[in-house]
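[1] following is a predicted model, sequence given first.
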Amino acid sequence: MRFSEQFETRFKEMLTHYPTKRSALVPTLLYAQDEVGSLSDEVIGELARRMDLTELEVRNVISYYSMLTTKARGKFNVQVCTNIACMLRGGEELLEHCERKLGIGHKGTTPDGLFSLEEVECIGACSWAPAAQVNYDFHENLTNAKMDQILDEYKNKLNQ
Amino acid sequence: MATLVSHPDEVRVISKRFGQGATDIDRYLQLDGYKAVQKALAMQPDAIINEVKNSGLRGRGGAGFSTGMKWSFVPKQSAKPKYVLCNGDESEPGTCKDRLIFEHDPHAVIEGVMIAALAVGSHTGYIYVRGEYRYLLVIMQKALKDAYGKGFLGKNIFGSGYDLDIHWHGGAGAYEVGEESALMESLEGKRGIPRIRPPFPAVVGLWGGPTVINNVETLAAVPHIILGGADWYAKLGTPKNGGTRLFCLAGNLNKPGVYELPMGYNLKKMIYEVGGGIPNGRSLKAVVPGGSSTPVLLPEEIDVAMDFDSVAKTGSMLGSGGVVVLDDNACIVKFALRTMKFYRHESCGWCIPCREGTDWLEKTLIRFHSGGGVTKDIDNMYYLSENMLGKTFCPLGDAAAMPTMAFVKKFRKEFEDHLDGKPCPFEKVGEAVLV
């Protein structure tokens, strides 16, 4: 199992930050997922070995954190917040709009593997609601039209 | 990234360097950066703690506990290493202030952690950034690297003979990890299951060592207190509630945004003047004053000073600074339901009253909102919530119960209006909410 050089450098450095190896687990899982696309059996096995944990212990941690997944998502994961502050400013309608536009529901992925959609809990954009994240990018003060434009931009990014 | 706002009533302490390019360490130095920690290095640890105690600084994560007092609980002598942990797992719905601090003034957070470490005699600090805030983790990683590059961190900081390391740490999506004991579990590479207390983290924390855990905004205030003095800081606020606070105005407002206002600023003024009032000619229905876990206030209850003690007198809490405003078009049952959906999703399942209570309440609210409620449900929701209070390891159970009890108590009529299969009176049929 090979990760990028950047991953390996960061991993090595992180291990020096804590008195126990497993302390680096949560951020390492997220960085691994970013590179591989999901926390596959192979990734879990590799990280368990490196951190002197059983695969079960690693899976136990994965299932707790909402951003960690063992199933691959689309290239662009659209995460629409519908929590209270966003809800009051149209977050639910925005999610419905994305469902119609992409033709998928919560945790679905488009057949071309380009987009997946998630209804998420508060992302810390309450004063700029409604808001969404596409992968790690924040998009705020959204409208349906703005969202359409954003999704098209991601699509075009890939074609370039 | 997030848009900055301003209002003449603002008193800029924490937000002084917002928009000033202070993520750059040289710019931060020009703006009085790393002066406070050098001053603290010349002070006795007890003097630092006293200064923070006297400033009236109270935990900005929401609990409002005296920061100086918290630091004083850390034993002077410890066989195990002591730690400082900065809680940047901001995720209480309605709250988006720590994000701005990380984005605009990351070195102030580092400097705050440094001063806390000096005060309690710790040589290792961690800055935990929630997983969703990846761009802020990148900013923090660079800031730490730059601070090491200048010799401000590492061995013999500022030639004082004191060694101090501070490391970044990233989360991966979990509200509960914002609770201090769950935060430590997460940092140790585990599920964020809360620990029973006592022992408190100040005595037995990270890897068994004494640990100080403070919110981002709390720590960012510390350098200003050390430089400006406890008296100056205390006088910015109200008695026992020192300083300023970042208030996140959200919901049905004309000018939502994060504003820095003195502690004790009037809530009514905050909504109508700072926040620009309610849009579209609508009127005010309710306010959630400090994040989703704080009990809702009615329009007649909002003439209140926004400090910990005054808001507590109304039966609610100042909480995390997230002020969510509801206009008269908002359905309280729906709002209660969305709040509960969140807590059900975030409950880790460790404590039965929280795990079962949030699930049961969500199911009841879904049924109730869709017209399948019976009169008995109303009292049941209150009774169920009441029985979750104080019966869990961490306050997530309380956070779910407290707002529900207030919704039922203060808006009983609205719950009754949903009875007998009647459609929700606020259902937006064919109305475009988004502009």
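    Now that the structure is in, tell me what you want to look at. Just so it is clear, the structure is predicted and the values come from calculations on it, not from any experiment. Numbers count the residues shown, from 1 in each chain, chains lettered A, B, ... in the order given.
[2] show the backbone phi and psi for B:D303.
    The phi/psi pair for B:D303 (degrees, to the nearest 10) reads phi -80, psi 70.
[3] cool, B:G154 as well?
    Dihedral angles (degrees, to the nearest 10) for B:G154: phi 110, psi -140.
[4] can you list the buried residues in the one helix or strand in chain A whose mean pLDDT sits lowest?
    Ranked by mean pLDDT, DSSP states H and E, the helix or strand of chain A with the weakest confidence is helix A:144-159, at a mean of 94. By neighbour count on 16 or more other Cβ atoms under 10 Å in any protein chain shown, the buried set for helix A:144-159 is A:N144, A:K146, A:M147, A:I150, A:L151, A:Y154. In short, each C-beta sits where N, CA and C put it, glycine included.
[5] alpha carbons only: can I get it in PDB?
    Once side chains and other backbone atoms are set aside, the C-alpha atoms of helix A:144-159 remain, and they are given as PDB (Å, rounded to 0.1, in the frame of the first residue of the first chain):
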ATOM      1  CA  ASN A 144     -30.600  27.800  -6.200                       C
ATOM      2  CA  ALA A 145     -29.000  29.700  -9.100                       C
ATOM      3  CA  LYS A 146     -25.700  30.200  -7.300                       C
ATOM      4  CA  MET A 147     -25.700  26.500  -6.500                       C
ATOM      5  CA  ASP A 148     -26.300  25.600 -10.100                       C
ATOM      6  CA  GLN A 149     -23.400  27.800 -11.100                       C
ATOM      7  CA  ILE A 150     -21.100  26.200  -8.500                       C
ATOM      8  CA  LEU A 151     -21.900  22.700  -9.500                       C
ATOM      9  CA  ASP A 152     -21.300  23.600 -13.200                       C
ATOM     10  CA  GLU A 153     -17.900  25.100 -12.300                       C
ATOM     11  CA  TYR A 154     -16.900  21.800 -10.600                       C
ATOM     12  CA  LYS A 155     -18.000  19.900 -13.600                       C
ATOM     13  CA  ASN A 156     -16.000  22.100 -15.900                       C
ATOM     14  CA  LYS A 157     -13.000  21.900 -13.700                       C
ATOM     15  CA  LEU A 158     -12.700  18.300 -14.500                       C
ATOM     16  CA  ASN A 159     -13.100  18.800 -18.200                       C
END
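[6] so how far is it from its chain's centroid?
    On the basis of Cα atoms, centre = their mean, to the nearest Å, helix A:144-159 is displaced by 18 Å from the centre of the chain it belongs to.
[7] cool, and stretch B:120-135?
    Taking Cα atoms, centre = their mean, one finds stretch B:120-135 lying 15 Å from the centre of the chain it belongs to.
[8] try stretch B:302-316
    The mean C-alpha position of stretch B:302-316 is separated from the chain mean by 17 Å, Cα atoms, centre = their mean.
[9] what's the answer for stretch B:101-116, then?
    Here the centre of stretch B:101-116 is set off from its chain's centre by 16 Å, with Cα atoms, centre = their mean.
[10] what about the helices in chain A?
    A:5-15, A:25-36, A:41-50, A:55-62, A:84-88, A:91-102, A:144-159 (DSSP state H).
[11] take those and write them to TSV, including distance to chain B.
    Compiled in TSV, the helices of chain A are given as follows (distance: least, Cβ to the nearest Cβ, whole Å):
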stretch	distance to chain B
helix A:5-15	8
helix A:25-36	3
helix A:41-50	11
helix A:55-62	6
helix A:84-88	4
helix A:91-102	5
helix A:144-159	6
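[12] please identify the most buried of the ones you listed.
    The highest mean neighbour count among the helices of chain A belongs to helix A:84-88 (a mean of 29), with neighbours defined as mean count of other Cβ atoms under 10 Å in any protein chain shown.
[13] for the residue of chain A most remote from its centre, what are its contacts?
    No residue in chain A sits farther from the centre than A:P19, which is 28.4 Å out by Cα atoms, centre = their mean. The contact partners of A:P19, taken as Cβ atoms under 8 Å, 6 or more residues apart in numbering or on different chains, are B:P81, B:W207.
[14] which residues of chain B score low on pLDDT?
    Counting by pLDDT under 70, the ranges of chain B that qualify are B:1, B:427-435.
[15] and it, what are its domain boundaries?
    Per automatic domain parsing, the structural domains of chain B span B:25-236, B:244-327, B:332-416.
[16] could I get these in TSV, plus columns for distance to chain A?
    As requested, these are arranged in TSV below (distance: least, Cβ to the nearest Cβ, whole Å):
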stretch	distance to chain A
domain B:25-236	3
domain B:244-327	4
domain B:332-416	5
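[17] closest to A:L29 out of these?
    Among the domains of chain B, domain B:25-236 comes nearest to A:L29, with 6.4 Å by Cβ to Cβ.
[18] before we move on, back to that, indicate which one of the domains of chain B is closest to A:P111.
    With Cβ to Cβ as the yardstick, what comes closest out of the domains of chain B is domain B:25-236 (26.4 Å).
[19] span of the closest one from start to end?
    With Cα to Cα, to the nearest Å as the measure, the first residue of domain B:25-236 is 28 Å from its last.
[20] longest strand of chain B?
    Among the elements of chain B assigned as strand by DSSP state E, the one spanning the most residues is strand B:244-251.
[21] so which strand or helix has the closest residue to B:N215 other than its chain neighbours?
    Counting by Cβ to Cβ, 6 or more residues apart in numbering or on different chains, the nearest residue to B:N215 once its immediate chain neighbours are dropped is B:G61, at 3.5 Å. Counting by DSSP states H and E, no helix or strand carries B:G61.
[22] now do the same contact list for B:G61.
    By Cβ under 8 Å, 6+ apart, the contact set of B:G61 is B:N87, B:G178, B:N214, B:N215, B:E217, B:T218, B:S320.
[23] number of nearby residues for the nearest residue to B:E111 once chain neighbours are set aside?
    If you skip the residues right next to it in sequence, B:E111 has B:P223 as its closest partner in space, 4.5 Å away by Cβ to Cβ, 6+ apart. The local packing of B:P223 (other Cβ atoms under 10 Å in any protein chain shown) involves 26 other residues.
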